[in-house]
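A.B. asks: here's my sequence, what's the structure:
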Amino acid sequence: MHAGLGAARAGHQHLVRTPRGRALRAPRLHPHQRTEHGFAAGSAGLTGGPLRSDDMAVTDPLPPAIDYTNKDYASLRRAMLDLARLRLPEWTDHTPSDLGVVLTDMVAYVGDVILYYQDRIASELFPGTARERRSVLQLLRLIGYEPTPPLPARADLLLTFSVPVGPAVIVIPSGAQFIATQPSDDPATFEYLGPALSLDLHSDQVLPGLAAGQAQFVLPVSHSRSLPPTLLGSSSGEPNQSFRLPHKPPILESLVVEVDEGAGWVRWDRRDNFLYSTGPDGRTLLSTRDSRDYVCQFDENDACSILFGDNVFGRVPPRGTNNVRATCRVGGGVRANVPANTITRAVTALPNLLSVNNPAPAAGGSAAESSETAVRNGPMVYRSGRRAVTPDDCVALAYRAGGVAKARARSRNWNQIDLIVAPQGDSWRPVPEALRTALLAYFEDKRMAGTQLRVLDASPAPVSIAMSVRYDARYQPDPLRQQISDTVARYLAYDAVDFGQALYPSDLFALIEAIPGVLSLDIYRFNRADQPASTLDEDLRRHDLPSMAELPDFIRNALLTRSAVASRVDVGPYELPVLSQFDISLQVG
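C.D. replies: Below is the predicted model of the structure:
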C-alpha cells in the first residue's frame, strides 16, 4: 500500500494520519540512542573510536530553487508536487483522488488567480503595459498630456431655393440644423455655426440652379447639436470641486461654464491645466488664486468633468445653490462621416427651400484618441518642450494641436520644414484648409525665428490586389466573399497603416486562411496601381484572352503555378497605403 499525504519521515515527531484516519505520534529518538545503523545524530564519537561513514548524520538534500516565473496553475501545481516528493518521500500516491493532490490543486488554483491580479496591478503602473484606459489617462496626466477628445465631422451642403418673381431675401439663422437620413436609430445632426446669413436670391450671393427659377447656395455645417444651459450643481465652497456634464461627448470649443457669484452669472475661462496654459495669442497664462479658471477632463467613457481650483491655482467657486451651469454643443465621432447625398433633411424651416444635399461625403469626424496612440504621442509632446526646433518636435506638436491622425516632417534646408499631415477621419483625404490654417497658427509662436513651416498633404499609395480562393462547399459563397473583402479592407484601413509601411502578401495569406471555410488562397496580383506591373490579367488582355476570373479552373491553376507575385509593395516615407482595387474569385475546393 502506498503511503498517503499523512505519512511521516522517521526521526521527526509529529502527528501522522493513517489511511483509516487514526492519529499516531511518530517516535523521536534520543540523541544518544543507538539505531540499527549506529548512533543517532549528535552521538558520534562517544565511544572514542574512529568515526565511521555509517555513523555520520545524513543531511537532507537541498530544496529546489524557487522559480518566480511559476505563476500559472500548471507550474504552481508542478512545483508543489516536486517539493512534496523531496520533503515527504513516503507520499507516493499522486492520483487525482488523493486528498493531498486535491488540496494541491486548490492551492494552485487560488495562487493562479492571486498572481494574475498581482501582475495586472503591476502592469497598470506604466503607460506601456497598462490595459485599462483609466490608468492610461491618469498616467499621462502626470506629464500634462490630455488625449484628444472626439472631433466632429464637417460637410458642405448644397441648398436649392426657388426664386420668386419679386424680392426674395432668405435668412439662415445661426444654429440651423440638418439631419442625415441614412438608416440609423440615432441620425447625425449637422448645424450651421456661423453668424446669421441674409441671402438675396436675385444677387450674386447665390449660384444659378440647374433649372430656371432656382438658386443654390453652399452652406458649411458641422456635426453638432446645441443644448440649452444646464445646471451642473451647487458649489460647496471647498477646493478641487468637480462637476460632470450630463451629455457626451461635448465639443470643447463650444463649452461655456458660468458661476453665479451672487451678483449674476459670470463666465469662467477654460485652461489646459491649473499650472499654466497657452492662450490664443501664444502667451503663457498662469492660474493664480484670483483666476476664474476651470479644467476639462475626460474619463474612459468619454464623459467630461469640470474641475475647479483650490485658491492656490485657480479660484474656488463661492458657496451657493445651483450656481454652476454649462452650455455646450455635443457631437463628434466617426459615425457622422456619412456618405454623399445623405444629408437631405432640414430641421430648421427655411423659406423657398426646395432641397438639401451634400455632394461630397462628410469628413473629419474621429473618435477619442486611443490609448495606444496617446501612449505614443504623450512622451513625444513632453519631450518637445512646446518648441518646434527639430522635425520630431514638429510631429509631436502636430499631434498636440488636434485634428491630425498621422504626421511626418522633413527639413528641406536650414530654414524650411515641411509638415506632412493626414487629417483625422476614417479614410485618406487632403488636409482641409481650416485645419491647415489652424496648424500654421498653432506653430506661429513655437517655430524658430526665421524658419518657414509648410503644411502639406500626405500622398496616397494606391494598392491593387487580386486573388483566387478555394472554399469548403459547406459554406455559402456570398457571405464568405464579404468576409474576405472586409478582412482585406481592415488590413489596409486608414487607422491600420502608417507612412512608409511596406506591405507583404504573406500577411494576407495569414489573415484570409484563418477565415473558417477557406481552404487555399492564391494571390496573382499584388502591386501598386500607380506603377506599371506585368500581371496575369494584363498579359491576358494584351493577347485578347479572357481575364483570370473567366478562365476555367484547370487553366487558372496552371497559370497561377507559373506566375510570381511581388514579395512586397514598397511605400514612400511620406506616402500612405490605400486600397484602390480588389478582385476576388471563389471556387469550390
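A.B. asks: gap between the residue nearest in space to the middle of the chain and Glu300?
C.D. replies: Nearest to the geometric centre of the chain sits Ser370, at 3.1 Å (Cα atoms, centre = their mean). Distance, Ser370 to Glu300, using Cβ to Cβ, to the nearest Å: 12 Å. Bear in mind the C-beta positions are built from the backbone N, C-alpha and C, glycine included.
A.B. asks: list residues touching both of these two?
C.D. replies: Shared contacts of Ser370 and Glu300 (Cβ atoms under 8 Å, 6 or more residues apart in numbering): none.
A.B. asks: which residue ranges make up the domains of the chain?
C.D. replies: The chain resolves into domains spanning 73-124, 150-367, 385-457, 461-588 when parsed by the TED database.
A.B. asks: so where's this structure uncertain?
C.D. replies: Where the chain drops to pLDDT under 70, the residues are 1-61, 183-184, 279-282, 532-536, 557-565.
A.B. asks: again, only this time at 50
C.D. replies: Judged by pLDDT under 50, the chain has its weakly predicted residues at 1-48, 51, 53, 55-56.
A.B. asks: show me where it has helices.
C.D. replies: Taking DSSP state H to define them, one finds helices in the chain at 73-87, 99-123, 133-141, 371-384, 391-401, 433-443, 477-491, 505-513, 536-542, 553-562.
A.B. asks: with respect to burial, which of those helices scores highest?
C.D. replies: Across these, averaging neighbours per residue (mean count of other Cβ atoms under 10 Å) puts helix 391-401 on top, at a mean of 22.
A.B. asks: what packs against that one?
C.D. replies: Under the contact criterion of 3 or more Cβ pairs under 8 Å, 6 or more residues apart in numbering; DSSP states H and E, helix 391-401 touches helix 371-384, strand 404-413, strand 416-423, helix 433-443.
A.B. asks: distance from the last one to the middle of the chain?
C.D. replies: Yep, that's helix 433-443 we're talking about. Mean-position distance between helix 433-443 and its chain equals 25 Å (Cα atoms, centre = their mean, to the nearest Å).
A.B. asks: got the CA positions of it in CSV?
C.D. replies: Extracted C-alpha coordinates of helix 433-443, given in CSV (Å, rounded to 0.1, in the frame of the first residue of the first chain):
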residue,chain,number,x,y,z
GLU,A,433,-8.0,74.5,-45.4
ALA,A,434,-9.4,75.1,-41.9
LEU,A,435,-7.0,72.6,-40.4
ARG,A,436,-4.1,73.9,-42.4
THR,A,437,-4.7,77.4,-41.2
ALA,A,438,-5.2,76.2,-37.6
LEU,A,439,-1.8,74.3,-37.7
LEU,A,440,0.1,77.3,-39.1
ALA,A,441,-1.4,79.5,-36.3
TYR,A,442,-0.6,76.9,-33.7
PHE,A,443,3.1,76.8,-34.8
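A.B. asks: which non-adjacent residue is nearest Ala168?
C.D. replies: In space, Ala168 comes closest to Leu201 once its chain neighbours are excluded; the distance is 4.2 Å by Cβ to Cβ, 6 or more residues apart in numbering.
A.B. asks: sorry, wrong one. I was asking about Leu579.
C.D. replies: According to Cβ to Cβ, 6+ apart, the nearest residue to Leu579 is Leu492 (4.2 Å).
A.B. asks: pretty sure Asn322 contacts Ser235?
C.D. replies: No: taking contacts as Cβ atoms under 8 Å, Asn322 lies outside contact range of Ser235: 9.4 Å.
A.B. asks: looking at the two, which one has more neighbours?
C.D. replies: The residue with more neighbours, out of Asn322 and Ser235, is Ser235; 21 against 11, by other Cβ atoms under 10 Å.
A.B. asks: Arg325 is in contact with the more buried one, correct?
C.D. replies: No: Ser235 lies out of contact with Arg325 (Cβ under 8 Å); the separation is 11.2 Å.
A.B. asks: how far away is the closest residue to Thr348 other than its chain neighbours from Glu372?
C.D. replies: Nearest non-adjacent residue to Thr348, counting by Cβ to Cβ, 6+ apart: Ala176, 4.1 Å away. As for Ala176, its distance to Glu372 is 38 Å (criterion: Cβ to Cβ).
A.B. asks: equivalent analysis for Tyr382, please.
C.D. replies: In terms of Cβ to Cβ, Tyr382 sits 17 Å off from Glu372.
A.B. asks: in space, what's closest to Gln297 - neighbours in sequence excluded?
C.D. replies: With sequence-adjacent residues excluded and distances taken as Cβ to Cβ, 6+ apart, Gln297 is closest to Ser305, at 5.3 Å.
A.B. asks: tell me which residues form a beta bridge with the one you found?
C.D. replies: With DSSP bridges as the criterion, Ser305 is bridged to Arg244, Gln297.
A.B. asks: I'd assumed Phe243 was in contact with it.
C.D. replies: Yes: counting by Cβ under 8 Å, Phe243 is a contact partner of Ser305 at 6.8 Å.
A.B. asks: ok, the two, which is more surrounded?
C.D. replies: Shown here are Ser305 and Phe243; by other Cβ under 10 Å, Phe243 has more neighbours (21 against 15).
A.B. asks: so who does the closest residue to the more buried one other than its chain neighbours touch?
C.D. replies: Counting by Cβ to Cβ, 6+ apart, Phe243 lies nearest to Leu232, which is 4.0 Å off, once chain neighbours are set aside. Shown in contact with Leu232 (Cβ under 8 Å, 6+ apart): 243-245, 306, 324-326.
A.B. asks: many thanks, have a good one.
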